[in-house]
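Enquirer: Quick one, fold the following:
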Amino acid sequence: MCRCLLKALPPSLLVFFDLLLRQFVKSVHTLLVELRFAAAAFAALLIDRVAHVPVDVPFERAEI
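Expert: Residues are numbered from 1 along each chain as shown. Model (predicted):
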């Protein structure tokens with residue numbers, strides 16, 4: 001069924017959907033990487049607050 005649908009679509013439309021899917025995957029990957037960095041920074045600050053253990057915080061974040 002999928003093969004029949006793919007053969008029925010014009011090649012330019014298939015290229016468009018391929019590029020759209022690739023851009024979506026790239027955006028999701030970028031979002032996950034950013035969330036990982038944010039979670040790591042938040043975990044360090046949380047440990048510092050809860051356990052009262054000093055954690056090295058980068059200079060840019062130290063002023064916040």
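
Enquirer: Tell me how far Val33 lies from Ala44.
Expert: Here Val33 is placed at a distance of 17 Å from Ala44 (C-beta to C-beta, to the nearest Å). Bear in mind the C-beta positions are built from the backbone N, C-alpha and C, glycine included.

Enquirer: more neighbours, those two?
Expert: Using other C-beta atoms under 10 Å as the criterion, Val33 and Ala44 rank with Ala44 on top: 16 against 10.

Enquirer: Could you say which helix or strand holds that one?
Expert: Assessed by DSSP states H and E, Ala44 sits inside helix 11-51.

Enquirer: how about low-confidence regions in the chain?
Expert: 1-2, 5-6, 51-64 (pLDDT under 70).

Enquirer: mind running it again at 80?
Expert: For the chain, the stretches with pLDDT under 80 are 1-9, 44-64.

Enquirer: Quick one: list the elements packing against the helix holding Ala44.
Expert: In terms of contacts (3 or more C-beta pairs under 8 Å, 6 or more residues apart in numbering; DSSP states H and E), helix 11-51 is not packed against any helix or strand.

Enquirer: what's the distance between that helix and the middle of its chain?
Expert: 0 Å (C-alpha atoms, centre = their mean, to the nearest Å).

Enquirer: what does stretch 10-28 give?
Expert: For stretch 10-28, the distance to the chain centre is 18 Å (C-alpha atoms, centre = their mean).
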